[in-house]
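> coords please:
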Amino acid sequence: MFKVRSVIAISITLLLITTPVFAGALYLSEMGTPISVGTAGVGGVTNTYGPDSVYTNPAGMTGINGTKIIGGSQVLLPSVRFDSDIATAGGSDGGNAGSGAVIPSLFTVKSLNEDWRIGLGISVPLGGGVDYGKDFVGRYQAQKSELAVINISPAVAYRINDKLSLGVGISFLYTSLDLHIAINQPGPFAADGQAKMDELDDWGYQGFIGATYKATDRLTIGAVYRTEADVEVEGDIKFKNITVPPLNQLTSQFDKVKLDFTYPQLIQVGVKYQLADNTLLMADFDWEDWSAFGDTRLGLDGTGSVLQTFDRDWDDTWHVGFALAQRLPEGQVFTAGIAYDSSPVSDSKRTADLPVDEQLRFSAAYGKEFSNQFSFALGGTFLWLGEGKMDQVAQGEHFKGEFSTNNIIFLSATLKYVF
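Below you'll find the predicted structure:
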């Protein structure tokens, strides 16, 4: 009986760190292109001129003639600093828990004839991470949690008539996940144990369909639906410094772990209005089914298998954004946008491994066309990730606080070429 209870306790402990962190809730609006970074993602759903439409709304590819390629890279500069009010286990606040990253992207669209288009996109649509260090005040809930998702998305689009176009695609998602947690051991002088799961990975897929409708010469309406994507990451689990018998014997028997969760479905709609010959106004709204993401399942394998289910009590989220694009003399373009995403979780349910909160984006980009074939753009987004308040008891230890600094700066540079 003790062995069964111990296995269940370990399973529940590990479930507290089953998935990684931030990005709207986890979906990234920033695709590394001027239309996404420069408009806070608002321009994506009505994008009928950039090859990144292959992912943001495949129906928009029908607005592209010939063959277009856009490639670029964006740098992520996070500042994520927790400030604790209560920490019964002692320890540090973790310093800057954000990790910088460089993310490349590539999109291409080709015209097959007057009505058909095909395209391919490679990007990072989800991701993030925190690394608080081993001595973090909430280490019994999370020390490190990092996610990387690479997306390969082929798509096809068809122009039904001069007003209506439809597109469909599929995203092949490669998910990689690293998770570290401290194990609280009884005794005044007992050092923390460790549970480490590195390079858990899985391939999955997510379908998406889109439509664009040119209601008038000035007004375009766009819509996108993305399906759920089931993820089952698997890999090695290692326990270190577990000194309390019989837990040390029990944990030594486990060597594999599997975590199951779901990237949610979403619906996004947007409008684009030609206010003047050189001025575009854009707006978008979306709903994301993050309540489906809350249910997480964990399996441990060694001499046997244990499966537990944990509900994070997440809620669905909504998003709203506004943007403009201004064409300047000599082939120059300026874009700017602002967007808001609601929080998927209440303050009382937020955990250290996934401290997602409401989000606010401010974006701008500058581009210049050097010729009919070649152009470049520079852009940036300031993403505020909310206060991230937490009040948790993990493995018998209470910690409480909020993030004094919680933001990410995205800087991007892209090149576009038209064949």
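
> where exactly do the strands run in the stretch 1-150 of the chain?
Under the criterion DSSP state E, counting those that start in this stretch, the stretch 1-150 of the chain contains strands at 67-87, 101-111, 116-131, 144-159.

> quick one: low-confidence ranges for this structure?
1-36, 126-127, 189, 294-295, 301-310 (pLDDT under 70).

> Show me what counts as buried in stretch 107-122.
By 16 or more other Cβ atoms under 10 Å, the buried positions in stretch 107-122 come out as Phe107, Thr108, Val109, Lys110, Ser111, Arg117, Ile118, Gly119, Leu120, Gly121, Ile122. Any C-beta I mention is one placed from the backbone N, CA and C, and that applies to glycine too.

> same thing with stretch 376-391?
376-381, 383-390.

> now stretch 58-75
Going by neighbour count (16+ other Cβ under 10 Å), the buried part of stretch 58-75 is 58-64, 68-72, 74.

> can you give me the helices in the stretch 251-400 of the chain?
Shown for the stretch 251-400 of the chain, no helices are assigned by DSSP state H, counting those that start in this stretch.

> any idea where the strands of it begin and end?
Under DSSP E, counting those that start in this stretch, the stretch 251-400 of the chain gives strands at 256-263, 266-276, 279-288, 295-301, 305-311, 317-328, 332-341, 359-369, 374-384, 390-394, 397-418.

> Strand partners (parallel or antiparallel) of the second one?
Next to strand 266-276 in the sheet, as set by DSSP bridges, lie strand 219-226 (antiparallel), strand 279-288 (antiparallel).

> now those as JSON lines including distance to Gly100 and mean neighbour count?
Shown next, in JSON lines, are the strands paired with strand 266-276 (distance: least, Cβ to Cβ, whole Å; neighbours: other Cβ atoms under 10 Å):
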{"stretch": "strand 219-226", "distance to Gly100": "28", "mean neighbour count": "20"}
{"stretch": "strand 279-288", "distance to Gly100": "26", "mean neighbour count": "20"}
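
> on that earlier part again, okay if I get the buried residues of stretch 107-122 as JSON lines plus distance to Thr317?
Output for the buried residues of stretch 107-122, formatted as JSON lines (distance: Cβ to Cβ, whole Å):
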{"residue": "Phe107", "distance to Thr317": "26"}
{"residue": "Thr108", "distance to Thr317": "31"}
{"residue": "Val109", "distance to Thr317": "30"}
{"residue": "Lys110", "distance to Thr317": "35"}
{"residue": "Ser111", "distance to Thr317": "36"}
{"residue": "Arg117", "distance to Thr317": "31"}
{"residue": "Ile118", "distance to Thr317": "32"}
{"residue": "Gly119", "distance to Thr317": "28"}
{"residue": "Leu120", "distance to Thr317": "29"}
{"residue": "Gly121", "distance to Thr317": "24"}
{"residue": "Ile122", "distance to Thr317": "26"}
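
> tell me the two of these that are most distant?
Farthest apart among these by Cβ to Cβ are Ser111 and Ile122. That separation is 20.1 Å.

> Isn't Val333 up against Leu324?
No. Using Cβ atoms under 8 Å, Val333 makes no contact with Leu324, being 10.9 Å away.

> ok so, going back, please identify which pair of the buried residues of stretch 58-75 lies farthest apart.
Largest pairwise distance in the buried residues of stretch 58-75, by Cβ to Cβ, is 26.9 Å, between Thr62 and Gln74.

> Skip the chain neighbours and tell me the closest residue to Ser343.
Nearest non-adjacent residue to Ser343, counting by Cβ to Cβ, 6 or more residues apart in numbering: Glu358, 4.3 Å away.

> Quick check: that neighbour vs Asp83, distance?
Distance, Glu358 to Asp83, by Cβ to Cβ, to the nearest Å: 18 Å.

> neighbour count winner among those two?
Legend: neighbour count by other Cβ atoms under 10 Å for Glu358 and Asp83, higher for Glu358 (17 against 12).

> thinking again about what came up before, tell me which of the strands of the stretch 251-400 of the chain sits nearest to Ala190.
Of those, nearest to Ala190 by Cβ to Cβ is strand 397-418, at 13.2 Å.

> can you redo the strands of the stretch 1-150 of the chain as CSV with distance to Ser342?
Converted to CSV, these look like this (distance: least, Cβ to Cβ, whole Å):
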stretch, distance to Ser342
strand 67-87, 20
strand 101-111, 25
strand 116-131, 18
strand 144-159, 21
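
> out of those strands, which comes closest to Asn278?
Using Cβ to Cβ, the strands of the stretch 1-150 of the chain put strand 67-87 closest to Asn278, at 21.7 Å.
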